[in-house]
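1. Provided below are the primary sequence and the corresponding predicted coordinates.
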Amino acid sequence: MPTLGIACVVAAHALIAATAGSPPPNIILFVIDDLGFADLSLIGAGNRTANGQALDYQTKNIDKLAREGIMLNAYYVNRLCSPTRTSLLSSRYAYNLGLAGGVITNGFPVALRLNESTIANFLKKEGYQTHGFGKWDIGYHTWEHTPTYRGFDTWLGYYNADEDYFTHSCGGGGCKGGKMGDLRNGTNALFDNETYSTVLYTAEAIRILEHHNPDQGPFFIYAAYQALHGPLEAPQEYLNRCDNVIEADRHIYCGMAQALDDGIGRITSLLDAKGFADNTIIALTADNGGQNGVGGNNWPLRGNKATVFEGGVRGNGFIWGGPATRLAAQGKMGRLSPALMHNVDWGPTFVAAAGGNASAVIAAHVLDGINVWETLVATTTTTPPSNGQVIDYGPRQDVLLHLQGPDNGYVQEGWELTAALRMGDWKIVANQKEASCPPSINISGQTCLKEATGWVQLHQDGTGHWSTRSYVKPEGTQVCNESVCLFNLITDPLEQRNTAEENPDVVARLLARINEYNATRIPNQKQPFDLGSCPLNFPTGYWTPWLNSTPPLPGPRPPGPRAFNSSVGSLQIMEKNASAQLEGWCCDPLVAHTGEPNGTDPSTVRFSVGPRNTGPFSVIGTAVANHPRARLMQLGLCPNLNHGFVFSFSLKQFTPKQAYSMKVVAERPDGSTILLNKGEICFRGDGSSC
């Protein structure tokens, strides 16, 4: 069975894959929210310029992919999440979409316009089955703006910019009612107020892989995890792995990173088990720099999320390919691509990897993205560029990092753009205001971190614990409050020395290029908050597309179990230890979509029992999940479903003192099943506890 490790047959597989007619690869794109430059341990991976690594915890599963794949040394993203996601999905710069300004927040009718195609559209035309999960954040004021109408066959996730990891709820605007739900299975509201989102989305990836039929084409999975964005929340089992990180925010952030790494590890393990790994490409990207004020770490880069310094826009990124792909490592670990690359490039690059005509797609859709597939395939180097070296930056001559006009969206008299551009070794920053933090030894929780344009470092104490963080300003560093700052990123990758006065010709060349881009810039989309978007306007009480409240068509739903909420109570021993009773409920989107008009759920719940730790399990009875809808609505559990059950059974059929385990499984109308009890249900034959 193939594995994600490097095997002796890699070279042979690579030769086979290079021949014409080989099947297109499966593709998974992991998008990690607010991932800082030093938030992955990256042990053994390509040693990037100004290499940033998490020293306080490890991400072993992600490290393995990065080590066997190709780290991207000059890879860039946008400074905020919505601009990155709109540009990544559309392969067009955010300034060309009117979305460069900021985050698309709840209740504002702003979105990636419907005349734009997405990466899912591009790959669907190449014969791919397209799936997505996690964070959408590119607008949802009509159903046509939501994922299953924009090229995705399936979707499990939320529409807004952030929410609670467990309750999947968020507030916003002038709406009443506090935090309200935002979680969708296709177009259906998904009622789950307890499953940690990283676990939920990993389960969705597992479901997709378990039910994938290769005869229907390869898969593309847009895996846009909520992690590692705030709020800082993690299950205790993951926090327990982070005892050496005692700085409060970073401790929780570490737990979130452990959950994410576990999830990616489960996905890659299943790729092996299903035989998909051989012909799969996996890419990983940050959506912007880390948020120093919410546990993230960009050290040693300057700046923070929302700034255009390297800490805000130089993204963590890599690409990995299985043995049968042209990216196969062929035994060479720690590869590093020097090519300039931006997140708009993923679309054309994946089209090329799929065997499609990337040039035709770029021309037809007027894309800003560039196909860097052949450049990545040719990567062999393992060392970062050095001063004096002639660097092959690949087909991309420059990267526009940010471009935004004044608040009204138009260029006024004079040059009033906020902009940043990298061209070769040089980077120009225009009109970025300097914000800094006090030089105290522990600045955790201070608001200055959210806008800091300097350097923030995590410190280890004498006992080996990571305990404090401080704002650091290296000696000789210049501020950047001038209208223009120019940095040579080969000699000065940390952006400490402004060389604009020394290199007026370079400044002129880069500003001229920015002005070329500005000639096609469109004003930022600006619309007022719409009270019609408030969740209490809708029966579900969920954030919902509000300008057409009924989906034009039912959202697609493939066969197989989907994530849903359930609860199984404690086993109650009754009648002098002679019988037992179990109660529970479940909210099942599959049944909800085709539910009976009278509000009952026809699903059957099976109860199986077997000797603890050994089995086998035998069915001892069934119950019908058929509970009055009104009661569950009163409980706040299933606002539009009713799936309650009660099951009683005799203990006389069991051996006294013997410990037994019970499994509670829901059997749906389509024949699929799913385990309901999240923890062990254990009892002894005499009614005593385990």
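-> Structure received.
2. Near residue 346, how many other residues are there?
-> 24 (other Cβ atoms under 10 Å). Every residue, glycine included, has its C-beta placed from N, CA and C.
3. Is it in contact with residue 119, as I believe?
-> Yes. Using Cβ atoms under 8 Å, residue 346 is in contact with residue 119, at 6.6 Å.
4. Which neighbours do the two have in common?
-> Here residue 346 and residue 119 have 29, 88, 91 as joint contacts, going by Cβ atoms under 8 Å, 6 or more residues apart in numbering.
5. from those, which is closest to residue 361?
-> Closest approach between these and residue 361, by Cβ to Cβ: residue 91, at 8.3 Å.
6. Pull the contacting residues for residue 151.
-> Here residue 151 is in contact with 117-124, 130 (criterion: Cβ under 8 Å, 6+ apart).
7. Before we move on, what's the pLDDT of residue 11?
-> Looking at residue 11, its pLDDT reads 31.
8. Hmm, I typed the wrong one, I wanted residue 624.
-> Residue 624 is given a pLDDT of 64.
9. Equivalent analysis for the one 3 residues further on, please.
-> What the model reports as pLDDT for residue 627 is 42.
10. again, but for the one 10 residues further on
-> With respect to pLDDT, residue 637 scores 36.
11. other SSEs contacting the longest helix seen in the chain?
-> Longest helix of the chain, by residue count under DSSP state H: helix 248-274. Helix 248-274 is packed against strand 26-32, helix 60-68, helix 197-210, helix 236-239, with contacts defined by 3 or more Cβ pairs under 8 Å, 6 or more residues apart in numbering; DSSP states H and E.
12. give me that answer again for 7 Å
-> Where contact means 3 or more Cβ pairs under 7 Å, 6 or more residues apart in numbering; DSSP states H and E, helix 248-274 is packed against helix 60-68, helix 197-210, helix 236-239.
13. Now do the first one against helix 248-274, angle only.
-> What it means is helix 60-68. Orientation note: helix 60-68 sits at an angle of 70 degrees relative to helix 248-274 (axes from the mean of the first three to the mean of the last three Cα atoms, to 10 degrees).
14. Go through helix 60-68 and flag the buried ones.
-> By neighbour count on 16 or more other Cβ atoms under 10 Å, the buried set for helix 60-68 is 61-68.
15. so where is the stretch 401-550 of the chain shaky, pLDDT-wise?
-> For the stretch 401-550 of the chain, applying pLDDT under 70 flags the ranges 406-416, 450-451, 482, 549-550.
16. Just tell me which of the helices and strands packed on helix 248-274 ends up closest to residue 276.
-> Going by Cβ to Cβ, the one of the helices and strands packed on helix 248-274 nearest residue 276 is helix 197-210, 6.8 Å.
17. now that closest one: mean pLDDT?
-> Here the average pLDDT along helix 197-210 is 95.
18. Follow the chain on from it and name the next helix or strand.
-> strand 219-224 (DSSP states H and E).
19. For that following strand, name the packing helices and strands.
-> Using 3+ Cβ pairs under 7 Å, 6+ apart, strand 219-224 sits against strand 26-32, helix 119-124, strand 129-135, helix 197-210.
20. make it 6 Å
-> strand 26-32, strand 129-135 (3 or more Cβ pairs under 6 Å, 6 or more residues apart in numbering; DSSP states H and E).
21. can those strands go into JSON lines with extra columns for mean pLDDT and distance to residue 296?
-> Listed next are the helices and strands packed on strand 219-224 as JSON lines, based on pLDDT from 0 to 100; distance: least, Cβ to Cβ, whole Å:
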{"stretch": "strand 26-32", "mean pLDDT": "98", "distance to residue 296": "11"}
{"stretch": "strand 129-135", "mean pLDDT": "98", "distance to residue 296": "16"}
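22. Could you double-check that residue 223 lies in contact with residue 33?
-> No. Assessed by Cβ atoms under 6 Å, residue 223 is found out of contact with residue 33, at 11.4 Å.
23. Please enumerate the strands of the stretch 551-690 of the chain.
-> Ranges of strands within the stretch 551-690 of the chain are 565-568, 572-574, 579-587, 604-611, 618-624, 644-650, 659-667, 673-675, 681-684, based on DSSP state E, counting those that start in this stretch.
24. Show the backbone phi and psi for residue 150.
-> Torsion angles at residue 150 (phi, psi; degrees, to the nearest 10) stand at phi -130, psi 30.
25. quick one: contacts for it?
-> residue 118 (Cβ atoms under 6 Å, 6 or more residues apart in numbering).
26. so what's the residue nearest to residue 280 when sequence neighbours are not counted up against?
-> If the residues on either side of it in the chain are set aside, residue 280 comes closest to residue 26, at 4.2 Å by Cβ to Cβ, 6 or more residues apart in numbering. By Cβ under 6 Å, 6+ apart, the contact set of residue 26 is 218-219, 276, 280.
27. can you dump the C-alpha coordinates of the helix or strand containing residue 85 into CSV?
-> Element membership for residue 85 (DSSP H and E) is helix 81-90. Presented in CSV, the C-alpha positions along helix 81-90 are these (Å, rounded to 0.1, in the frame of the first residue of the first chain):
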residue,chain,number,x,y,z
CYS,A,81,-8.9,37.2,5.1
SER,A,82,-11.7,38.4,2.7
PRO,A,83,-9.3,39.9,0.1
THR,A,84,-7.2,36.7,0.2
ARG,A,85,-10.2,34.4,-0.2
THR,A,86,-11.8,36.3,-3.0
SER,A,87,-8.5,36.5,-4.9
LEU,A,88,-7.6,32.9,-4.2
LEU,A,89,-10.9,31.6,-5.3
SER,A,90,-11.2,33.9,-8.4
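28. and that helix, average pLDDT?
-> 97.
29. How far away from the center of its chain is it?
-> Helix 81-90 sits 12 Å away from the centroid of its parent chain (Cα atoms, centre = their mean, to the nearest Å).
30. How about stretch 522-542?
-> That offset, for stretch 522-542, works out to 24 Å (Cα atoms, centre = their mean).
31. Quick check: buried residues in it?
-> Neighbour-count burial for stretch 522-542 [16+ other Cβ under 10 Å]: 524-525, 529-530, 533-535, 538, 541-542.
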